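Asks: heads up, no residue letters with this:
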């Protein structure tokens, strides 16, 4: 007796079609699972056997062979429990309608881990697997009830929530149908943030720089003494990040689903991520890894912000691991089982003190560091990595009058309105391309879209020679100037836009002496 069932597999962020075949034949009782399964898949034999027995069905004590195709791709995880069980019951003739007719299952796909009592438990990566099933023409897919909300955002396929194999069998037999779920986002779910720039007194130049960073997706470093508000400012950038497109929401939710970090009950991640790992994080924690490579902090910040407070204190390998993702927009993890590529279209916000004691350049507190100590501290931020940062911002100490002032500061809502307008211009500009924002423009796109007025071009030419800028710094100044022009609603990059962009490239000369 033979049966086959459709399912979906997952490797990294990519899903692939799976066919689970079951053959029951005469011979000594044996249960083999083939098709390059890992240990979790092999152990499904015990979970399936106990589930069948405890739910009142008959387990076939004969020679059982289950093949999970395609056989050349390693199968990992417990998501194949449910399709294996359904394939066995179908091969044994136990799935029938009340009239005794067998049930067609070709229009269904199945994913889910089984408990010994037949419970269907939650799984990682349900969203990308549901998307793959839809692309393959599957009409309905059974998913764990705990993941139903996650899969419900996908249109064009019926997502059937199942809490127990009895529910699945009742649906297939026509006794009690499971209603598909689809829930659109409510407007009030899309945006809420308690942190607001109105809470930050002064620091208008730093706020302006973070507005530019949010509007164009530019990397930024904040340098200043302790207590000047660097962390306070950086943590509020989430309140001014632009709204995500639907494609960006799907991409972000897929990553969190694969990583197993999608909050319970979340339909779709509609707010740009803000990740803030501790400085003790390893290079693998940032880039991702493991036997079955999972996304790291860099990919979890995709379409959002990665905030690295006390940047020099991070491990050197961890810091330098940022260089390739910032340049290429992807993280590639290679293991013996293959390579996995995760997207990393993120904005890095780094915060640091100007020296080890923190008071170099402070107006009232003297620095106690020797010149050698200052150099050792700053050398923890390498030149190649600093060159990849678009905005260098000095955050100075504020005086008592500013701190105690009664005047109101500009709210995040007002700043975010300008950011959204600038990002809308960029979305229209880069429509039909893979470019998400100004900060991610390719050199060719930079030449095409960063058109300078004659006065702006003259200023940039003089600055390039006077400051000894690199080719990468030149491109980054153009992209920042393009964002400043977008915030001003200008088509052409004017003198004032370039002048402001150039001023964000001066701190490397002040502190690093380059």
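Replies: Happy to help now that I have it. All figures in this text were calculated on a predicted structure; none of them were measured in a lab.

Asks: use CA for all of it now, contacts and neighbours both
Replies: Will do.

Asks: residue ranges with poor pLDDT in the stretch 51-200 of the chain?
Replies: Applying pLDDT under 70 to the stretch 51-200 of the chain picks out residues 97-103, 183-194.

Asks: nope, the chain is what I was after
Replies: 97-103, 183-194, 337, 405, 508-514.

Asks: which strands and helices sit next to the longest strand along it?
Replies: Using DSSP state E, we find that the single longest strand of the chain is strand 14-25. For strand 14-25, the elements it packs on are strand 2-11, strand 63-69, helix 81-91, helix 126-135, judged by 3 or more Cα pairs under 8 Å, 6 or more residues apart in numbering; DSSP states H and E.

Asks: Direction included, what does that strand pair against?
Replies: Note on strand 14-25: by DSSP bridges, its sheet partners are strand 2-11 (antiparallel), strand 63-69 (antiparallel).

Asks: just how off-centre is that strand within its chain?
Replies: Remark: strand 14-25 is offset 30 Å from the chain centroid, using Cα atoms, centre = their mean, to the nearest Å.

Asks: Please point out which parts of it sit buried.
Replies: 14-24 (16 or more other Cα atoms under 10 Å).

Asks: what's the answer for stretch 222-234, then?
Replies: Within stretch 222-234, the residues that count as buried by 16+ other Cα under 10 Å are 222-226, 229-231, 233-234.

Asks: any residues touching that stretch, and which ones?
Replies: Residues from elsewhere that reach stretch 222-234 (Cα atoms under 8 Å, 6 or more residues apart in numbering): 197, 200, 206-207, 210, 307, 309, 349-354, 358-360, 362, 392-398.

Asks: hmm, 6 Å instead?
Replies: Stretch 222-234 has contacts (Cα atoms under 6 Å, 6 or more residues apart in numbering) with 351-354, 358-359, 393-397.

Asks: could you dump those residues to a markdown table with secondary structure, distance to residue 142 and neighbour count?
Replies: A markdown table is the format used below for these (DSSP: H, G, I helix; E, B strand; the rest coil; distance: Cα to Cα, whole Å; neighbours: other Cα atoms under 10 Å):
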| residue | secondary structure | distance to residue 142 | neighbour count |
| --- | --- | --- | --- |
| 351 | strand | 46 | 23 |
| 352 | strand | 49 | 23 |
| 353 | coil | 53 | 23 |
| 354 | coil | 56 | 23 |
| 358 | coil | 57 | 21 |
| 359 | coil | 60 | 19 |
| 393 | strand | 51 | 24 |
| 394 | strand | 54 | 21 |
| 395 | coil | 53 | 24 |
| 396 | coil | 57 | 21 |
| 397 | coil | 58 | 18 |
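
Asks: Save these as CSV, and put in distance to residue 373 too.
Replies: Formatted as CSV, the contacts of stretch 222-234 follow (distance: Cα to Cα, whole Å):
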residue, distance to residue 373
351, 19
352, 15
353, 13
354, 11
358, 12
359, 13
393, 22
394, 20
395, 21
396, 21
397, 22
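
Asks: Among the helices and strands packed on strand 14-25, show me which one is buried the most.
Replies: Per residue and on average, the most neighbours among the helices and strands packed on strand 14-25 fall to helix 81-91, with a mean of 26 (mean count of other Cα atoms under 10 Å).
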